[in-house]
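Chemist: Below is the sequence, then the predicted model.
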Amino acid sequence: MQERRVVRADAPARSELEAQGWVMIARSWGAGLALDEQRRERLRHLVDRAHPLVSVREVTASDAEAVLALDRETAHDYPGDIATAHEALTTAGATPTATHRGWGAFTAEGLLVAMTFADTGPDVTETDFTVVRRGWRRLGLGSAVKAAGVLALADEGRTVFRTGGSFDNPASIAANRSLGYELDEEWLTYAPGSRPAR
């Protein structure tokens, strides 16, 4: 793969790269969520709204095969470049741990149609990825599983939540804003002058 550099949009390195002929090939964003009771109520609403279609719950080790299957189906659904790339899950990655937790939306027949995983560090909970099965999109299921995860982790005392994604995915930006995330970072991916800027 051609060399890449990812820098914050406000970093001095951006001007240096552009002066050297590097070309911006992708834009990504970061966002934070500060919970208050009004936002908690909004998250509960997003979860409840999904219940006529699916059951939303935390993913367990027994769901690992379903997680792997959905991950394989959606492997090419991550726009952008290296800053927002998603590596295919292994069995270990599909199995929740104390610091790598997941929530899913399951049909009455047990089919996993949406999932989100988050990594809990000492101070920050960072979304790893969120995906929805084709044919089940635009129903609020991605927002529902992510809201369920935030609520559960907040009830355990987690207070700082972060997420991010590609600017090429406006649906993801809208979904995260509906949860209360506020965009506060912009990242740019550069390559050595081989593709037109966008």
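Modeler: In hand now; what should we look at?
Chemist: Tell me the bridge partners for the spatially most central residue of the chain.
Modeler: Nearest to the mean C-alpha position of the chain, by CA atoms, centre = their mean, lies F129 at 3.6 Å. F129 has these beta-bridge partners by DSSP bridges: F117.
Chemist: Tell me who's in contact with I173.
Modeler: W29, G165, F167, L183 (CB atoms under 8 Å, 6 or more residues apart in numbering). To be clear about C-beta, it is placed using only N, CA and C from the backbone, and glycine gets the same treatment.
Chemist: helix, strand or coil for L46?
Modeler: Secondary structure, DSSP: H, G, I helix; E, B strand; the rest coil: L46 is helix.
Chemist: need the contact list for it.
Modeler: With CB under 8 Å, 6+ apart, L46 has these contacts: G140, S143, A144, A147, S178, L179.
Chemist: For this structure, which segments count as helices?
Modeler: Along the chain, counting by DSSP state H, helices occupy 12-19, 37-50, 64-73, 91-94, 141-155, 170-179.
Chemist: about what we covered before: out of the contacts of L46, which are buried?
Modeler: Buried members of the contacts of L46, scored by 16 or more other CB atoms under 10 Å, are G140, S143, A144, A147, S178, L179.
Chemist: Not including adjacent chain positions, what is the nearest residue to A94?
Modeler: Of all residues not flanking A94 in the chain, V67 sits nearest, at 4.0 Å (CB to CB, 6 or more residues apart in numbering).
Chemist: roughly how far apart are that neighbour and R101?
Modeler: As judged by CB to CB, to the nearest Å, V67 and R101 stand 12 Å apart.
Chemist: Give the residues shared as contacts by the two.
Modeler: V59.
Chemist: Looking at those two now, which is surrounded by more residues?
Modeler: Legend: neighbour count by other CB atoms under 10 Å for V67 and R101, higher for V67 (23 against 20).
Chemist: Point out where the protein drops to low pLDDT.
Modeler: With pLDDT under 70 as the threshold, the chain has low-confidence stretches at 1, 194-198.
Chemist: which one of the helices of the chain lies closest to I82?
Modeler: I82 sits nearest to helix 12-19 of all the helices of the chain, at 14.7 Å, using CB to CB.
Chemist: what residues does that closest one touch?
Modeler: The contact list for helix 12-19, computed with CB under 8 Å, 6+ apart, reads R5, V7, R8, M24, L188, Y190.
Chemist: ok, so of those residues, who is nearest V160?
Modeler: Nearest to V160 out of these is R8 (CB to CB; 19.2 Å).
Chemist: That closest one: how many residues sit nearby?
Modeler: 13.
Chemist: what pairs with it across the strands?
Modeler: Judged by DSSP bridges, the bridge partners of R8 are W187.
Chemist: Tell me which residues touch it, please.
Modeler: Per CB under 8 Å, 6+ apart, neighbours of R8: R14, E185, E186, W187, L188.
Chemist: same thing but at 10 Å, please
Modeler: Residues in contact with R8 (CB atoms under 10 Å, 6 or more residues apart in numbering) are R14, G30, E185, E186, W187, L188.
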